[in-house]
Each structure stands twice: as structure tokens, then as C-alpha cells.
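S.K.: quick one, fold the following:
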Amino acid sequence: MTKTVRGYMRGLEIMQALSQRRIATALELAEDTELPRPTVYRMLGTLVEAGYANQVGGSQYFALSGKVQCLSEGYDDVCQALETAEPLVRELSKRINWPCYLHNVEGDSVVTRLVVRSPRELGAPRLGGRLPMAHFSPGRLHLASLSDDEMEARVESFDESQSGGYAEGLTPAMLRMLVLEARAKGFGFRENGVVPRTCSFALPIRNNGKPAIYLTTNFILAATRLARAVDTYMPIVMETVSAIEASLAAQPGREQGAQISA
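M.R.: Numbers count the residues shown, from 1 in each chain. Below is the predicted model:
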């Protein structure tokens, strides 16, 4: 782990304290952060010069500026869901002793955002890797969540030659059948295919009422078939999904969740 920059950490403490108070003096911020008043003055001067704080009407009071909103632009529903889900998904993997992954959808790809490995796996996706949607459980589930017209358009435009060499032989008709079955079941699934001798199922994790990320659990077919894996592990995985969604619903929102806000 890299060493922290002490001055930067102090600046963040002051920004957080100022965010909580909305408007405050250097003395109040020094009391809140337990930092020396001269340090607080220097940090406030730096924040004002950088445009992240204002001295209110030339008084002794300071407030954050609108520029701080840009600090949270990269923190969206997906980031919030990933941050909340990670510890619970790690516990889930330990509990069921199978690998678990978190994905989100970007364009026509499934992006791997978390890999929790297990001794019982034949291979794992690369963190940050982009995978063709049609061949993976979370991608099929995403297609199932679309409107009929949009789903049909995606299926009709499916071209096996653009799938990166995954599981040759998948046709639009086969993909349509798999997507409709995923819609009926309420979860995405795969048996063999992209990773031979394995199967998987995926569930959505909703944030603000919409699927933000997908939780996928992978199994070795020699140990359990897909139907048995669903019967055995689906209730446990659903418990984890429900716990993640409840935690997200209880959070005050992205802006406050980021802690540094106007």
C-alpha cells in the first residue's frame, strides 16, 4: 500500500467538516477536525485559491463552492452499488465456496468490476475486461430487462463474428430463446459455452429502482448441474442481493454518500 500524503488528508478532513456545517469559521473547523488553527487557515486558503471554497462576503466564514460538485461526477449509481456490494459479495463467496463476480453493462459489453476467486473454479474473467453480452449470464439478463422492441433489435443485430471467438454456433434464434427464458425465470444463466465445463447464473442489483450491476455466481459442472445449483444456492444469493439493495436504499444519496459535497 502506498504512503498517504498527510497534508492532502487534512485538506479532505476540512472539506468534509465544511460540507457538514455548510458555512463555518476556521475556529469551528479546527474544533471539528482537531487540527491546529494555523493549519486550517492554510488549508482554507488553498481551497479558496483552487476554487473549491469561498470566503463569504469577506467575513470570517467559509463555504464550499459549486466546483466541488465535479468531484462526484464519476460517482454514479453503478459506483455506489459496487462499493456497497463488494464486502457482502465477498462474504457470499466464502459462504457458498464458489466464485462470485460483479458486472455492469456498457454499450454492447459486460464489464467485469469485481472478481472474488475460489479454489473451486476453472478460470476467472479479467478485472475490467469487456465481454460480449450474448454469451454471459449478466448480459443475457440485461437483454431480458429491455423492452420487447429493444430486445428484438439487439437480438436481430447479433453477429457471431463480433463475439470475440466465444462459443461459436450461437444464432439469433438461439439467443432469443435464451433471453426469453431468462426473462421468464428472472435470472440470467449459462451452461457450458464461454467457459467449458462450467455454468453460472446472474441476478440484478437495483439502485434507484433500476438494475445498476449484476451479481454472477459460477460453478463447475462436474460438481453440480445448473438446475441443482439454482435450487441449492439461489436462495442464499437472493439474500445477499436483498441485503445490498436494502443498504443502498438506506443511504442518503450519491451526493451525501460521496461525503464531499456542496
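
S.K.: can you give me the helices for the stretch 101-250 of the chain?
M.R.: 137-145, 148-156, 172-185, 226-250 (DSSP state H, counting those that start in this stretch).

S.K.: select, out of those, the one closest to R95.
M.R.: Each of these has some distance to R95 by CB to CB; the shortest is helix 226-250, at 6.5 Å. For every residue, glycine as well, the C-beta is placed using N, CA and C.

S.K.: how far does the closest one sit from the chain's center?
M.R.: 16 Å (CA atoms, centre = their mean, to the nearest Å).

S.K.: just stretch 141-149 next, same as before
M.R.: For stretch 141-149, the distance to the chain centre is 20 Å (CA atoms, centre = their mean).

S.K.: straight-line length of that stretch, end to end?
M.R.: Using CA to CA, to the nearest Å, one end of stretch 141-149 lies 16 Å from the other.

S.K.: in that stretch, what's buried?
M.R.: The neighbour-count check on stretch 141-149 (16 or more other CB atoms under 10 Å) flags 141-145 as buried.

S.K.: isn't V195 up against G123?
M.R.: Yes - with contacts counted by CB atoms under 8 Å, V195 reaches G123, the gap being 5.7 Å.

S.K.: domain assignment for this protein?
M.R.: As assigned by automatic domain parsing, the chain contains the domains 6-72, 77-250.

S.K.: so, low pLDDT: which residues of the stretch 101-250 of the chain?
M.R.: Low-confidence segments of the stretch 101-250 of the chain (pLDDT under 70): 160-168.

S.K.: in a markdown table, list the buried residues of stretch 141-149 along with distance to K94.
M.R.: Output for the buried residues of stretch 141-149, formatted as a markdown table (distance: CB to CB, whole Å):
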| residue | distance to K94 |
| --- | --- |
| L141 | 24 |
| H142 | 27 |
| L143 | 31 |
| A144 | 29 |
| S145 | 29 |
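
S.K.: just those residues now: which is nearest R113?
M.R.: Proximity of these to R113 (CB to CB) peaks at H142, which lies at 14.0 Å.

S.K.: so how far is V237 from the closest one?
M.R.: As for H142, its distance to V237 is 17 Å (criterion: CB to CB, to the nearest Å).

S.K.: give the contact list for the residue most central in space within the chain.
M.R.: Centroid check for the chain by CA atoms, centre = their mean gives L82 as the closest residue, at 2.6 Å. L82 makes contacts with 102, 104, 113-114, 213, as judged by CB atoms under 8 Å, 6 or more residues apart in numbering.

S.K.: over to F219?
M.R.: Taking CB under 8 Å, 6+ apart, we find F219 in contact with 98, 120, 198-200, 226, 229, 233.

S.K.: now with 6 Å, please.
M.R.: Residues counted as contacts of F219 (CB atoms under 6 Å, 6 or more residues apart in numbering) are 98, 199, 229.

S.K.: just R90 next, same as before
M.R.: V116.

S.K.: list the buried residues for the one helix or strand it maps to?
M.R.: Counting by DSSP states H and E, the element that carries R90 is helix 77-96. Neighbour counts over helix 77-96 (16+ other CB under 10 Å) mark 77-82, 84-85, 88-89, 92-93, 96 as buried.

S.K.: can I get the residues you listed in JSON lines including distance to S109 and pLDDT?
M.R.: Formatted as JSON lines, the buried residues of helix 77-96 follow (distance: CB to CB, whole Å; pLDDT from 0 to 100):
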{"residue": "D77", "distance to S109": "18", "pLDDT": "90"}
{"residue": "V78", "distance to S109": "14", "pLDDT": "91"}
{"residue": "C79", "distance to S109": "18", "pLDDT": "90"}
{"residue": "Q80", "distance to S109": "21", "pLDDT": "90"}
{"residue": "A81", "distance to S109": "18", "pLDDT": "94"}
{"residue": "L82", "distance to S109": "16", "pLDDT": "93"}
{"residue": "T84", "distance to S109": "23", "pLDDT": "94"}
{"residue": "A85", "distance to S109": "20", "pLDDT": "96"}
{"residue": "L88", "distance to S109": "25", "pLDDT": "97"}
{"residue": "V89", "distance to S109": "21", "pLDDT": "97"}
{"residue": "L92", "distance to S109": "24", "pLDDT": "97"}
{"residue": "S93", "distance to S109": "24", "pLDDT": "96"}
{"residue": "I96", "distance to S109": "27", "pLDDT": "96"}
